[in-house]
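Colleague: Structure for this input, please:
(chains A and B)
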Amino acid sequence: MANNTPQAVRGTQDIFGADAEAFAFVVETFERVRKLYRFRRAEMPVFEKTEVFSRPLGETTDVVAKEMYSFEDRGGESLTLRPEFTAGIARAFITDGWQQHAPLRLATHGPLFRYERPQKGRYRQFHQINAEILGAAEPQADVELLAMADQLLKELGIADGVTLQLNTLGDPESREAWRAALVHYFAAHKDALSEDSQDRLDRNPLRILDSKDRGDIAIVANAPPIDDFLTAEAREFFCAVTSGLDAAGVPWQRNAQLVRGFDYYRHTAFEFVTDRLGAQGTVLGGGRYDGLIETLGGPHTPSVGWAAGIERLAMLVGDRAEAGPDLVIVVEDDAAATFGLKLMAIARHTGHSTELIASGSPRKRFDKAKKLDPRTIVVVDCHDGVPVPSFRKLADESFELEIRTLFEAVTP
RNA sequence: GCGAUCGUAGCUCAGUUGGUUAGAGCGCCGGUUUGUGGUACCGGAGGUCGGGGGUUCAAGACCCCUCGAUCGCCCCA
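Modeller: From the prediction side, this is the model:
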């Protein structure tokens, strides 16, 4: 192996073959389903001014300090490779005057970048599909968005073993009261908490709720639930979401421990979770982010969205074989090579995927053709110096006949 | 940032308690057989054993460092 070849950057992937087919299947299915739900397609920049991502998060968080791919351009401006879609879309909503389209349903997909240690289903350049409804305060928006996610997973054939976990974080008033009660409760049990969770108590107390530490889990079980702190409006909103899901036939499971780390999240939070992907069990996640667009200097714009990692979905989808060609043309005599090319051009122009085999040992060309698993094979040989096509009987006789008819009029 | 496991041919892997010129299967290339065919056989190309240093008469194997991969922790917008 050449030892002076540059290596691929850590956490990047070269996706090929069956993996690439599974990836494409996920994207194609998403594109089909989003049209059913009337989501409009958007193409967004891969990088933005750093502020677009850092401002909603708060400047000091780990996420901003350590997890973003930020760099200065030649003008000295700090730019960042997008670590998520939502912030860029929110920026565009403001700067491009998309208020006029509200409520706006948007779908997009593409690469995202986070500076993290790679592990199963986690990469530094990874890919997501993404759906948002901007400027919609009604719980019906949450329901539709979730229904779309549910249908997507079904059409991908991976809904089995995946459950929708649902929670509410309430409105800001509910959320603050709950947060205060949690801090109070965890502070009283501080000595029993794991070291990590003692840290979280200062930094991000809600995160103690999804600690993986056994001791923490026991303490969390008795923590005050959000339900005790919901305002009447917040309770009503959540009820509307759950009854809407029931009406739409979307099964869900309450997970009162499910939280979001950032303050702009309100009301609905959800994750579709599987037990088949090790530590990275979330297959699709999202929530309502009524506060986000304001933090970027826009008008109050209640919105809700989700994103899903294409790699993780592709892993669940499993290997997908690349389809064989319609036709393989085998040139057994090199003198017939040009005629083979002519036939191939005609076949392709009439919409048949076609490969030509005209190199290597002539004896082994037919075997190569068989291995491609085509619908039919045409062998081109020379009789008295004249190229002659002959047709090989495979299972698909009607298709063979179609090709035979197509080639009959062709002369060398 | 931390931890565990692992790096031998294009791919999947063998390689005994350290012991001559490092192996297999698949794939690739060529030949023989078959001759309406996916078979079988023969041959060939391809490896400074991830890299560097050390121990030893002798290292793919043992020790240290380093790079990379995988899985997990932290984090998760």
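
Colleague: Give me the three-state assignment for the nearest residue to residue A:211 once chain neighbours are set aside.
Modeller: Spatial nearest neighbour of residue A:211, chain neighbours left out: residue A:197 (5.2 Å); criterion: Cβ to Cβ, 6 or more residues apart in numbering. Heads up, the C-betas are built off the backbone N, CA and C, glycines and all. Assigned with DSSP: H, G, I helix; E, B strand; the rest coil, residue A:197 falls in the helix class.

Colleague: surely residue A:197 meets residue A:218?
Modeller: No - using Cβ atoms under 8 Å, residue A:197 makes no contact with residue A:218, being 11.8 Å away.

Colleague: and these two? which has more neighbours close in?
Modeller: residue A:197 (22 against 11; other Cβ atoms under 10 Å).

Colleague: Residue A:208 versus that one, what's the distance?
Modeller: 5 Å (Cβ to Cβ, to the nearest Å).

Colleague: Name the residues contacting each of the two.
Modeller: A:186, A:216 (Cβ atoms under 8 Å, 6 or more residues apart in numbering).

Colleague: quick one: the strands in the stretch 251-400 of chain A?
Modeller: A:253-254, A:266-274, A:282-288, A:303-309, A:327-331, A:354-357, A:376-383, A:386-392 (DSSP state E, counting those that start in this stretch).

Colleague: how distant is the shortest one from the center of its chain?
Modeller: When C-alpha coordinates are averaged (Cα atoms, centre = their mean, to the nearest Å), strand A:253-254 and its chain have centres 23 Å apart.

Colleague: Okay, now the sheet partners of it, with direction.
Modeller: Applying DSSP bridges to the sheet, strand A:253-254 is found paired with strand A:162-168 (parallel).

Colleague: just to revisit the earlier point, most packed of the strands of the stretch 251-400 of chain A?
Modeller: strand A:327-331 (a mean of 27; mean count of other Cβ atoms under 10 Å).

Colleague: Please name the strands paired to it in the sheet, noting orientation.
Modeller: strand A:354-357 (parallel), strand A:376-383 (parallel).

Colleague: Could you list the low-pLDDT ranges of chain A?
Modeller: A:1-4, A:59-60 (pLDDT under 70).

Colleague: contacting residues for the residue of it found nearest RNA strand B?
Modeller: Among the residues of chain A, residue A:278 lies closest to RNA strand B, at 2.2 Å counting by Cβ to the nearest atom of the strand. For residue A:278, the contacting residues are A:120-121, by Cβ under 8 Å, 6+ apart.

Colleague: and the gap between it and residue A:361?
Modeller: Taking Cβ to Cβ, one finds residue A:278 at 46 Å from residue A:361.

Colleague: repeat for residue A:289
Modeller: Residue A:289 is 63 Å from residue A:361, by Cβ to Cβ.

Colleague: Between the two, tell me which one has more neighbours.
Modeller: Using other Cβ under 10 Å, the more surrounded residue of residue A:289 and residue A:361 is residue A:289, with 28 against 8.

Colleague: list the contacts for that one?
Modeller: A:86, A:264-266, A:303-305.

Colleague: just to revisit the earlier point, TSV please, covering the strands paired with strand A:327-331 and showing distance to residue A:9.
Modeller: As requested, those are exported to TSV (distance: least, Cβ to Cβ, whole Å):
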stretch	distance to residue A:9
strand A:354-357	34
strand A:376-383	43
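
Colleague: Present the ones you listed as CSV; the columns should include distance to RNA strand B.
Modeller: Rendered in CSV, the data for the strands paired with strand A:327-331 read as follows (distance: least, Cβ to the nearest atom of the strand, whole Å):
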stretch, distance to RNA strand B
strand A:354-357, 9
strand A:376-383, 5
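
Colleague: Just list the residues touching the residue nearest to residue A:211, thanks.
Modeller: Counted by Cβ under 8 Å, 6+ apart, residue A:197 has contacts A:186, A:208, A:211, A:213, A:216.

Colleague: For the fourth one, which non-adjacent residue is closest in space?
Modeller: Just to be clear, that refers to residue A:213. residue A:194 (4.1 Å).

Colleague: doesn't residue A:217 make contact with that neighbour?
Modeller: No - using Cβ under 8 Å, residue A:194 is not in contact with residue A:217, being 10.0 Å away.

Colleague: list the residues that contact both of those two?
Modeller: With Cβ under 8 Å, 6+ apart, residue A:194 and residue A:217 have common neighbours residue A:211.

Colleague: Run through the helices of chain A in chain order.
Modeller: All helices of chain A, identified by DSSP state H, fall at A:18-36, A:50-57, A:62-66, A:86-95, A:139-155, A:172-188, A:195-203, A:214-221, A:232-248, A:292-295, A:310-317, A:337-349, A:362-371, A:397-408.

Colleague: by contact count, what packs against the fifth one?
Modeller: Packing contacts for helix A:139-155, counted by 3 or more Cβ pairs under 8 Å, 6 or more residues apart in numbering; DSSP states H and E, involve helix A:18-36, strand A:125-134, strand A:162-168, helix A:232-248, strand A:266-274, strand A:282-288, strand A:303-309.

Colleague: Distance to residue A:7 added to these, as a markdown table?
Modeller: Shown next, in a markdown table, are the helices and strands packed on helix A:139-155 (distance: least, Cβ to Cβ, whole Å):
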| stretch | distance to residue A:7 |
| --- | --- |
| helix A:18-36 | 19 |
| strand A:125-134 | 15 |
| strand A:162-168 | 35 |
| helix A:232-248 | 47 |
| strand A:266-274 | 32 |
| strand A:282-288 | 30 |
| strand A:303-309 | 24 |
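
Colleague: Dump the ones you listed into TSV; add distance to RNA strand B as well.
Modeller: Output for the helices and strands packed on helix A:139-155, formatted as TSV (distance: least, Cβ to the nearest atom of the strand, whole Å):
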stretch	distance to RNA strand B
helix A:18-36	12
strand A:125-134	10
strand A:162-168	13
helix A:232-248	19
strand A:266-274	9
strand A:282-288	6
strand A:303-309	8
